[in-house]
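Enquirer: the following block contains a protein sequence and its predicted model.
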Amino acid sequence: MALQDIYRTSLALHTDLYQLTMAYGYWRNGMAERESVFHLYFRKHPFEGGYTVAAGLEHAVQYLQQLTFTDDDLLYLGSLKGSQGQPLFETAFLDYLRQMEFSCDVDAIPEGTVVFPSEPLIRVRGPLLQAQLIETPLLNIINFETLIATKAARIKEAAKGDQVIEFGMRRAQGIDGALSATRAAYIGGADATSNLLAGQLYDIPVRGTHAHSWVQAFDSEEEAFEAYGQAFPKDTVFLVDTYDTVEGVKKGIEVAKKLQPQGFVFGGIRLDSGDLTYLSQQARKLLDEAGFAQTSIVASNDLDEHLITHLKQEGAKIDVWGIGTKMITAYDQPALGGVYKLAAIKAETGDWKYKIKLSEQLVKTSNPGMLQVRRFYNQERNLADMIYNELEPLPDQVQVVHPLDSTRRKSITSDTAYRDLLISVFTKGKLVYTLPDLQSIKSNTKQEISRLHESIRRYVNPHSYPAGLEEKLHQHKMEMILTLRGTK
Ligand SMILES: Nc1ncnc2c1ncn2[C@@H]1O[C@H](COP(=O)(O)OP(=O)(O)OP(=O)(O)O)[C@@H](O)[C@H]1O
Ligand SMILES: O=P(O)(O)OC[C@H]1O[C@H](OP(=O)(O)OP(=O)(O)O)[C@H](O)[C@@H]1O
Ligand SMILES: O=C(O)c1cccnc1
């Protein structure tokens with residue numbers, strides 16, 4: 001299901017005003033059709049982590065496929081006025097937008113791939129006006145979904161094989177903050193969600209327990225459990241902490257024993273407050289003693305990868321993790337700072353002119369060219385990633401230069417296996433990529449993360465994976481920086 005089907009309207013105006021004012025400017029200057037190359041990338045892993053999981057491409061594709069200005073969109077743009085009351089856009093420009101058909105080449109790294117700073121997740125090549133216009137929505141989609149997929153991957157990693165259920169909708173940032181995030185969380189590692197719309201639209205398994213209000217609605221906890229158990233006799237989970245957790249577990253056990261002759265299956269209990277280590281140990285003991293060794297213990301309450309790790313180290317007996325706020329909002333880092341930068345433009349002569357955006361900080365200076373990412377690997381591991389310029393020939397023996405410290409280099413022998421990560425998604429505006437189904441994206445993530453060394457996956461001071469610039473690209477970038485600073 002496409003985003004437009006959910007919102008039931010065109011998303012062409014889902015962008016910043018300045019994209020349209022620049023578009024108008026390019027059109028007036030005869031630059032609208034100038035061929036250009038832009039890259040979407042981030043500069044730093046979120047959560048102080050050592051890797052990032054790419055996500056959001058499917059929604060980006062859907063947005064691009066339907067990029068047309070409707071009559072209503074154009075009417076609105078035509079109604080916009082400048083400070084002197086003059087129309088912002090002239091009619092001939094609006095007519096240009098009316099007939100505009102998306103005609104860029106788009107290359108992208110598939111969802112579920114692990115990615116590193118400065119690597120283009122999306123590369124757009126095509127008419128300047130179009131390639132510029134799509135900056136904001138692409139960033140809006142990719143930044144958010146990549147962030148949440150990465151958070152979910154970290155949480156799943158901490159859970160060490162236990163089930164993780166995403167419970168975040170109520171604390172998410174608005175409707176799409178729940179829907180897109182649920183899909184991204186599933187890509188990253190969540191096993192199921194409580195979000196029914198996401199279940200319906202994306203075929204994500206849905207799961208849940210019950211709320212405290214269910215227990216409060218009855219005169220006693222026993223009555224509440226019995227009524228729920230009768231309504232759902234298979235795999236029922238009782239929330240046991242409404243009044244007193246240990247007493248709640250005991251009552252759950254009594255009700256389960258009472259309903260057992262009717263074929264009741266005691267699926268689990270959920271703990272949602274208090275000391276989760278102590279209470280899960282107590283609950284496990286009581287359940288085991290009562291013959292419910294198979295009954296799971298679900299825990300929720302503001303959990304994230306760090307708390308899960310602590311609870312496991314403390315010896316908590318938790319089998320299933322219900323994670324809401326901290327996953328769905330990427331609580332400790334609510335935005336990924338991905339950017340979209342112009343890297344090359346064709347001169348009137350037909351030659352490419354490379355472009356960079358300078359910054360005081362090297363990490364913020366963009367990379368020139370039409371970039372591709374080459375991943376070198378052996379049977380077990382990914383070895384290094386190299387960003388290179390596809391418009392220039394590569395030497396036989398390549399060197400990867402650390403993006404921030406050019407004295408750190410890695411030579412790659414010419415027999416090393418590799419694959420290029422950016423693949424063709426649109427050619428001249430035509431979709432040429434078959435969007436993978438969500439299950440294969442999810443298993444891709446798992447496989448990708450398993451190929452990273454543990455030191456890169458840890459939460460505290462992770463090792464940095466060798467990802468850098470191909471030596472000639474690095475040299476070219478340095479020359480451009482020196483020229484632009486007037487020191488060459
Ligand atoms: N053993 C533990 N070690 C570390 N953190 C824990 C442990 N047990 C629970 N926590 C976490 O501590 C935080 C506070 O939990 P606690 O239940 O004390 O407060 P609360 O959420 O205000 O409780 P309530 O829901 O009853 O108001 C939660 O994020 C919870 O996940
Ligand atoms: O803690 P999170 O990771 O954000 O997970 C979602 C939370 O939402 C629910 O609490 P809430 O108090 O809203 O309702 P409840 O009565 O179902 O507990 C649930 O019990 C979790 O604690
Ligand atoms: O099903 C649950 O237990 C649930 C759903 C949403 C939020 N918290 C818990």
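Expert: Looks like it came in fine. Ligands and ions are numbered 1, 2, ... in the order given.
Enquirer: so what's the residue in the stretch 1-150 of the chain positioned nearest to ligand 2 up against?
Expert: The nearest approach of the stretch 1-150 of the chain to ligand 2 comes at residue 148, 13.9 Å away (CB to the nearest ligand atom). All C-beta atoms are positioned from the backbone trio N, CA, C, and that covers glycine. Residue 148 makes contact with 55, 180, 181, 184, 185, 188, 327, 328, 330 under the criterion CB atoms under 8 Å, 6 or more residues apart in numbering.
Enquirer: try it again at 10 Å.
Expert: Taking CB atoms under 10 Å, 6 or more residues apart in numbering as the contact definition, residue 148 lies against 46, 53, 55-56, 166, 168, 172, 177, 180-188, 190, 327-330, 336.
Enquirer: kindly report the same for residue 129.
Expert: The contact partners of residue 129, taken as CB under 10 Å, 6+ apart, are 19-20, 22-27, 31-34, 36, 96-97, 100.
Enquirer: which members of the residues you listed are positioned in helices?
Expert: 19, 20, 22, 23, 24, 25, 26, 27, 96, 97 (DSSP state H).
Enquirer: before we move on, the earlier item: filter the contacts of residue 148 to the buried ones?
Expert: Among the contacts of residue 148, the ones that count as buried by 16 or more other CB atoms under 10 Å are 46, 53, 55-56, 166, 168, 172, 177, 180-188, 190, 327-330, 336.
Enquirer: how about the strands in the stretch 301-450 of the chain?
Expert: 320-323, 339-346, 352-354, 371-377, 382-389, 398-401, 409-412, 417-420, 423-427, 430-431 (DSSP state E, counting those that start in this stretch).
Enquirer: the last one: partners in the sheet, and parallel or antiparallel?
Expert: With DSSP bridges as the test, strand 430-431 is paired with strand 423-427 (antiparallel).
Enquirer: next, give phi and psi for residue 238.
Expert: Backbone geometry at residue 238, expressed as degrees, to the nearest 10, gives phi -100, psi 130.
Enquirer: and the spatially closest residue to it that is not a sequence neighbour, which of the three is it?
Expert: Closest residue to residue 238 apart from its sequence neighbours, by CB to CB, 6 or more residues apart in numbering: residue 252 at 4.3 Å. Here residue 252 is recorded as helix under DSSP: H, G, I helix; E, B strand; the rest coil.
Enquirer: is it true that residue 252 touches residue 242?
Expert: No: counting by CB atoms under 10 Å, residue 252 stays clear of residue 242, with 11.3 Å between them.
Enquirer: overlap in contacts of these two?
Expert: Common contacts of residue 252 and residue 242 (CB under 10 Å, 6+ apart): residue 221.
Enquirer: more neighbours, those two?
Expert: Set side by side, residue 252 and residue 242 show more neighbours around residue 252, with 29 against 19, by other CB atoms under 10 Å.
Enquirer: tell me how far that one lies from residue 28.
Expert: Separation of residue 252 from residue 28 (CB to CB, to the nearest Å): 71 Å.
Enquirer: and if you look at residue 78?
Expert: 16 Å.
Enquirer: got it, and residue 154?
Expert: 47 Å.
Enquirer: and for residue 41?
Expert: Residue 41 is 30 Å from residue 28, where distance means CB to CB.
Enquirer: which one's more surrounded, those two?
Expert: residue 41 (24 against 12).
Enquirer: let me know how buried the spatially closest residue to residue 12 that is not a sequence neighbour is, in neighbour terms.
Expert: Nearest residue to residue 12, sequence neighbours excluded (CB to CB, 6+ apart): residue 69, at 4.8 Å. For residue 69, the neighbour count with other CB under 10 Å is 20.
Enquirer: isn't residue 238 up against residue 224?
Expert: Yes: counting by CB under 10 Å, residue 224 is a contact partner of residue 238 at 8.3 Å.
Enquirer: more neighbours, those two?
Expert: Using other CB under 10 Å, the more surrounded residue of residue 238 and residue 224 is residue 238, with 29 against 23.
Enquirer: which non-adjacent residue is nearest the residue of the stretch 1-150 of the chain closest to ligand 2?
Expert: Nearest to residue 148 is residue 184, by CB to CB, 6+ apart, at 3.8 Å.
Enquirer: now the one you found: which helix or strand?
Expert: If you go by DSSP states H and E, residue 184 is part of helix 174-188.
Enquirer: give me the mean pLDDT for that helix.
Expert: For helix 174-188, mean pLDDT is 97.
Enquirer: tell me the first helix or strand C-terminal of that helix.
Expert: Where DSSP H and E defines the elements, the next helix or strand beyond helix 174-188 is strand 192-193.
Enquirer: how about the first helix or strand past that next one going along the chain as PDB, C-alpha atoms only?
Expert: Beyond strand 192-193 in the direction of the C-terminus, DSSP H and E gives the next helix or strand as helix 196-202. Presented in PDB, the C-alpha positions along helix 196-202 are these (Å, rounded to 0.1, in the frame of the first residue of the first chain):
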ATOM      1  CA  LEU A 196      -3.200  -3.000  13.800                       C
ATOM      2  CA  LEU A 197      -3.000  -0.600  10.900                       C
ATOM      3  CA  ALA A 198       0.700  -1.600  10.300                       C
ATOM      4  CA  GLY A 199      -0.300  -5.200  10.600                       C
ATOM      5  CA  GLN A 200      -3.000  -4.800   8.000                       C
ATOM      6  CA  LEU A 201      -1.000  -2.600   5.600                       C
ATOM      7  CA  TYR A 202       2.400  -4.300   5.900                       C
END
